[in-house]
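Novice: 3D model of this:
(one chain, ligands or ions: 1)
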Amino acid sequence: MRQTPFCIFAIIGTIFSLATILYLFPIPKPSFSHLMCHCSAPSTLTPPPRIRTTFQSITALEDLSEEADTNWASLATPKGGFLRVQYNESYVQLWGISMFHQLHCLEMIRMTLQKEMGIKAKGNHHHGGGKGAEHEDDPEHITHCFSYLAQALQCAGDSTIEKPWEAHSRQGYIKVDGVDGLDIVHQCKNTDHMWKAARKSEEKAVETWEWKEGDEIENVFGY
Ligand SMILES: *[C@@H]1O[C@H](CO)[C@@H](O)[C@H](O)[C@H]1NC(C)=O
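Specialist: As a prediction, this is how the structure comes out:
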């Protein structure tokens, strides 16, 4: 057992040397920060409080005259509610924000109706969005709106239970009833942050980010 002290010194010496080497030349930790999004995953976000909104007949939006076109235009920013993204130093790319795109689609259907009814001249390239004006007289662009809007409605999935209106006889029996969806309170999403994101990007285009499937204004830009 005369060897033991040497052995202990050798082990301590080796550990000390390794510690010194590791201290002087640390093994770089793997860094994934360049791959990570600066944003949090959508599921971790607390949904904002809903706004109780009573649906009504809004004549300003039901009016098919050209004078009422501005009412529809006012449902998005003057530039159409796009997210303006700085693609490179000289090019700003327009990205869509779905709600504004959906409203625009409905506006296009309204315009098609105006033309069919002779309220608006055909071939009129009036536009609020800035881009894509060329397709507006293209019937295929409008039919795309039908499937797009159908999916948008199903996606939003408003599950409000709509109480029917009733007309009663003098004895109190129901004479007629029906569902018109009017005067019904809905729990609506506050859309202020979507307007804010579009407006801010109009002032100064946003930088590109590592876009991934399912990104929303909320998880990328916050409320
Ligand atoms: C920026 O991108 C646009 C669109 O791809 C391209 O036409 C332009 O040449 C690019 N400019 C620079 C400075 O890279």
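
Novice: right, and Lys79 touches Glu203 too?
Specialist: No: with contacts defined as CB atoms under 8 Å, Lys79 does not count as touching Glu203, sitting 10.6 Å away. Backbone N, C-alpha and C define where each C-beta goes, glycine included.

Novice: of the two, who's got more company?
Specialist: Lys79 (17 against 7; other CB atoms under 10 Å).

Novice: Distance-wise, check that one relative to Arg50.
Specialist: Noted for Lys79: a distance of 28 Å to Arg50, by CB to CB, to the nearest Å.

Novice: Quick check: residues of the chain near the ligand?
Specialist: The interface of the chain toward the ligand, taken as CB under 6 Å from any ligand atom, is made up of Tyr87, Asn88, Glu89, Ser90, Tyr91.

Novice: check contacts around the second one.
Specialist: Put plainly, it is Asn88. Residues touching Asn88, when contacts are defined by CB atoms under 8 Å, 6 or more residues apart in numbering, are absent altogether.

Novice: Just say helix, strand or coil for it.
Specialist: When classified by DSSP: H, G, I helix; E, B strand; the rest coil, Asn88 comes out as coil.

Novice: And it, what's its pLDDT?
Specialist: With respect to pLDDT, Asn88 has a value of 96.

Novice: the helices in the chain, which residues?
Specialist: Read by DSSP state H, the chain holds these helices, from start to end of the chain: 4-24, 59-62, 69-73, 98-116, 139-156, 192-203, 217-221.

Novice: Adding distance to Ala167, write those out as CSV.
Specialist: What follows is the helices of the chain, written out as CSV (distance: least, CB to CB, whole Å):
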stretch, distance to Ala167
helix 4-24, 85
helix 59-62, 23
helix 69-73, 31
helix 98-116, 31
helix 139-156, 29
helix 192-203, 39
helix 217-221, 43
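
Novice: Switch those helices over to CSV; also include mean pLDDT.
Specialist: Rendered in CSV, the data for the helices of the chain read as follows (pLDDT from 0 to 100):
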stretch, mean pLDDT
helix 4-24, 63
helix 59-62, 98
helix 69-73, 98
helix 98-116, 97
helix 139-156, 92
helix 192-203, 98
helix 217-221, 96
